[in-house]
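Trainee: Next one to model:
(chains A and B)
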Protein chains: 2
Amino acid sequence: MTIDIKALESSLLAGKRRGLAKALTLVESRRPEHRALAIRLLTSLYPKSGQSHRIGITGSPGVGKSTFIEAFGKFFLEQGHRLAVLAIDPSSPKSHGSILGDKTRMDELAVHPHCFIRPSPSGLSLGGVARRTRECILLCEAAGYDKILIETVGVGQSETLVSDMVDEFMFLQLPNAGDQLQGIKKGILELADMVVVTKADGVFEQAARQAVVDHELALHFMQDDEDRLPVRVMMCSALEKKGLLEIYDLLQSKLMELTQSGRLEKRRSQQREQWFVSELNDQMMDLLLQDRSLKKNVEKLTTQVIQGTLSPTEAAQQVIASLGWNAGKE
Amino acid sequence: MTIDIKALESSLLAGKRRGLAKALTLVESRRPEHRALAIRLLTSLYPKSGQSHRIGITGSPGVGKSTFIEAFGKFFLEQGHRLAVLAIDPSSPKSHGSILGDKTRMDELAVHPHCFIRPSPSGLSLGGVARRTRECILLCEAAGYDKILIETVGVGQSETLVSDMVDEFMFLQLPNAGDQLQGIKKGILELADMVVVTKADGVFEQAARQAVVDHELALHFMQDDEDRLPVRVMMCSALEKKGLLEIYDLLQSKLMELTQSGRLEKRRSQQREQWFVSELNDQMMDLLLQDRSLKKNVEKLTTQVIQGTLSPTEAAQQVIASLGWNAGKE
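Mentor: I've put the predicted structure just below:
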């Protein structure tokens, strides 16, 4: 396809869904010529990014993530926000369970003119998912979306990744906490900025209240971090539309406090630095695999490594030597 | 320190603990001159590696990992094996909870002449932990250890990492599975080659039996993978020394089957390829940060990225351009 980057940029900046969708497809492409164009587009749009509120949402399968996002997303839209929902699903070659693969799970959001839903592309490595998601956020922001929800499936590695790119990380939990609390991965709870106990309705309401208390207790024993605000535990029922307003209000007031205290800027500048390091890695690898003779050499060495006749360490050294770059020459 | 690599290598190959310990310290060092020596040592010892049985062990805090490793490790030693125990603990800057920091947790193993325990070094990134652990395995194998246990704390990201470097991944679970099973991260269970229900004694014995059944059921609904053997669920009591022999026998027979069917070699060759890719990344970054003028440039760009005046994508491009390597020139 021939791509007119200028036209694409104008369409996206004008808030055209088609422009945004095409731009996202471009940054997700793995063809080298598309990558070069994607980098041009991203560089040009970068100054127009950063204006949104970035919110990560995670929770185990069955916790009701999509129901929550559907109900909560509508709140955002009613308040006049423009909402983008992105999914992170670093599906292993084994599990092909993808989230948000089916937009019908969020049928009301999917048809709303101010809501943009993007499923997770499949077949990417964890690094590939990180790069693609950061770039999606940038494009959605440039297109004028001011609330961005990033949904991830409850596997530890993707949660670390999401917490590295959002302002606020919400951890959804089922109301049957009591016994389960000891099963919660401490490492994951530490990433949370807010815990939301779901399904707080009917026969589960009492259990939900208990779960809130249990979580508050558990969080009480965790270390304070002055760069972050205290973690709050909320409960809600997407079914009965209860608790959603309280969560929205809390999110808004936290955003204001994060901004005014300078914590938001501090967190984001750390995230930009992490992005730079991983982007540097990605671009070096891109380049390596684009150059025909280098790629051939890498493939030859890879074969020897796979066969076990050459150590990975030495093979890497040989590639580095073949680059002939300027390092160490002055 | 001055390091005589040849002498270090001889000492290690002769099975001297002091030689192995010094070699491990060398590969864990982040000083560039040590890194160069470490690479020489690793390259030279590579042909002498690969002869061990590599076993990963994970489980949530409280599941009894160290008690299990202490009891199970003694079994290995009684059977005449030489055992190395390594820990992976990618402790976030937030949680400083390190595992194996205290050898006294495994006091009987720690003093056994045929057992070598290495705690996790702190302050490494996840990538740094992966590199260091692969290299530790290589050194322990060259030093004659034929069983290597790699313990990791129950956070998703480190589990993926461990499963990428072992032959067999054991997932320890508490006997109170029933309700908890839905809380298990599907992604983590998918990495397991064997599930072991711990603390199957006294009042918990019945619950443990039920947990075995529940896990078998859950695994039944997961996809088969012809590259791997069926996942078996076992139970044991480290306290009453029950079930350990059965697990040992199963491990040994699985190892034989994996070897004879060619699955072991296939898994390991995939792991070698992954190692090569990440080592290539690591070495490129090492080189970049070693060269004074490149490093200065990277630091300058990093400042701009942190301030938000330069996009991470563009900053990475500028670094790449400054390398002046041969890529794309023919």
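
Trainee: Poorly predicted segments of the stretch 201-330 of chain A, please.
Mentor: Flagging of the stretch 201-330 of chain A using pLDDT under 70 yields the residue ranges A:222-224, A:325-330.

Trainee: Next, please give the residue ranges for the strands of the stretch 101-250 of chain A.
Mentor: When secondary structure is read from DSSP state E, counting those that start in this stretch, the stretch 101-250 of chain A shows strands at A:115-118, A:147-152, A:168-173, A:194-197, A:232-235.

Trainee: can you tell me which of those strands comes nearest to residue A:136?
Mentor: Evaluated over these, closeness to residue A:136 peaks at strand A:115-118, with 6.4 Å, by Cβ to Cβ. For every residue, glycine as well, the C-beta is placed using N, CA and C.

Trainee: Each with direction, which strands does the closest one pair with?
Mentor: Listed by DSSP bridges, the sheet partners of strand A:115-118 and their directions read strand A:83-88 (parallel).

Trainee: Please export the C-alpha coordinates of the strand it pairs with as PDB.
Mentor: Taking Å, rounded to 0.1, in the frame of the first residue of the first chain, the C-alpha atoms of strand A:83-88 are listed here in PDB:
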ATOM      1  CA  LEU A  83     -12.600   7.200  25.600                       C
ATOM      2  CA  ALA A  84     -10.100   4.800  24.000                       C
ATOM      3  CA  VAL A  85      -9.900   1.200  25.200                       C
ATOM      4  CA  LEU A  86      -6.800  -0.800  24.400                       C
ATOM      5  CA  ALA A  87      -6.000  -4.400  25.300                       C
ATOM      6  CA  ILE A  88      -2.700  -5.900  26.200                       C
END
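
Trainee: who touches it?
Mentor: A:52, A:69, A:73, A:76-77, A:98-100, A:106, A:109, A:112, A:114-120, A:129, A:133, A:136-137, A:140, A:145, A:147-153, A:158, A:161-162 (Cβ atoms under 8 Å, 6 or more residues apart in numbering or on different chains).

Trainee: The same query, at a cut-off of 6 Å, please.
Mentor: With Cβ atoms under 6 Å, 6 or more residues apart in numbering or on different chains as the test, strand A:83-88 has contacts from A:73, A:76-77, A:99-100, A:115-120, A:129, A:133, A:136, A:140, A:145, A:147-152, A:158, A:162.

Trainee: Give me the neighbour count for the closest residue in space to residue A:106 that isn't next to it in sequence.
Mentor: Among residues not flanking residue A:106 along the chain, residue A:70 sits closest, at 4.6 Å (Cβ to Cβ, 6 or more residues apart in numbering or on different chains). By the other Cβ atoms under 10 Å in any protein chain shown criterion, the neighbourhood of residue A:70 contains 18 residues.

Trainee: Quick check: pLDDT value at residue A:70.
Mentor: Residue A:70 carries a pLDDT value of 92.

Trainee: now residue A:98
Mentor: On the pLDDT scale, residue A:98 gets 43.

Trainee: which SS class is the residue nearest to residue A:106?
Mentor: At residue A:70, secondary structure determined by DSSP: H, G, I helix; E, B strand; the rest coil is helix.

Trainee: hang on, the earlier thing: nearest to residue A:62 among the strands of the stretch 101-250 of chain A would be which one?
Mentor: strand A:168-173 (10.1 Å).

Trainee: Quick one: mean pLDDT over that closest one.
Mentor: 92.

Trainee: Packing partners of it?
Mentor: strand A:53-58, strand A:194-197 (3 or more Cβ pairs under 6 Å, 6 or more residues apart in numbering or on different chains; DSSP states H and E).

Trainee: who touches the shortest one?
Mentor: The reference is to strand A:194-197. Contacts of strand A:194-197 (Cβ under 6 Å, 6+ apart): A:170-173, A:175, A:208, A:211-212, A:215, A:232-235.

Trainee: rewinding a little: distance check, the residue nearest to residue A:106 against residue B:215.
Mentor: Using Cβ to Cβ, to the nearest Å, residue A:70 is found at 33 Å from residue B:215.

Trainee: With residue A:162 instead?
Mentor: With Cβ to Cβ as the criterion, residue A:162 and residue B:215 are 28 Å apart.

Trainee: And residue A:88, by the same measure?
Mentor: Applying Cβ to Cβ to residue A:88 and residue B:215 gives a distance of 28 Å.

Trainee: before we move on, back to that, farthest-apart pair in the contacts of strand A:194-197, please.
Mentor: Going by Cβ to Cβ, the pair spanning these furthest: A:175 and A:232, at 16.9 Å.

Trainee: Comparing the two, which residue is more hemmed in?
Mentor: residue A:175 (24 against 19).

Trainee: how about that one, what does it touch?
Mentor: Residue A:175 touches A:197, A:199, A:204, A:207-208, A:211, counting by Cβ under 6 Å, 6+ apart.

Trainee: Turn the residues you listed into TSV, columns for neighbour count.
Mentor: Converted to TSV, the contacts of residue A:175 look like this (neighbours: other Cβ atoms under 10 Å in any protein chain shown):
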residue	neighbour count
A:197	28
A:199	27
A:204	18
A:207	17
A:208	22
A:211	26
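
Trainee: In helices only, show me these.
Mentor: A:207-208, A:211 (DSSP state H).

Trainee: Looking at these, spot the one nearest residue A:125.
Mentor: Nearest member of those to residue A:125, counting by Cβ to Cβ, is residue A:211, at 35.2 Å.

Trainee: measure that closest one to residue A:174 for me?
Mentor: 8 Å.

Trainee: same thing with residue A:28?
Mentor: The gap separating residue A:28 from residue A:174 is 33 Å, by Cβ to Cβ.

Trainee: Ok, residue A:208 next?
Mentor: For residue A:208, the distance to residue A:174 - Cβ to Cβ - is 9 Å.

Trainee: what do you get for residue A:209?
Mentor: Applying Cβ to Cβ to residue A:209 and residue A:174 gives a distance of 13 Å.

Trainee: Between the two, point out the one with more neighbours.
Mentor: Shown here are residue A:209 and residue A:174; by other Cβ under 10 Å, residue A:174 has more neighbours (21 against 14).

Trainee: Chain neighbours aside, what residue packs nearest to the more buried one?
Mentor: Using Cβ to Cβ, 6+ apart, the closest residue to residue A:174 is residue A:63 (5.4 Å).

Trainee: doesn't that neighbour fall inside a strand?
Mentor: No - with three-state DSSP as the criterion, residue A:63 is assigned coil and is not in a strand.

Trainee: which residues does it contact?
Mentor: Residue A:63 neighbours (Cβ under 6 Å, 6+ apart): A:172, A:174, A:198.

Trainee: picking that back up, can I get the helices and strands packed on strand A:168-173 in TSV including distance to residue A:39 and mean pLDDT?
Mentor: Shown next, in TSV, are the helices and strands packed on strand A:168-173 (distance: least, Cβ to Cβ, whole Å; pLDDT from 0 to 100):
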stretch	distance to residue A:39	mean pLDDT
strand A:53-58	22	95
strand A:194-197	35	94
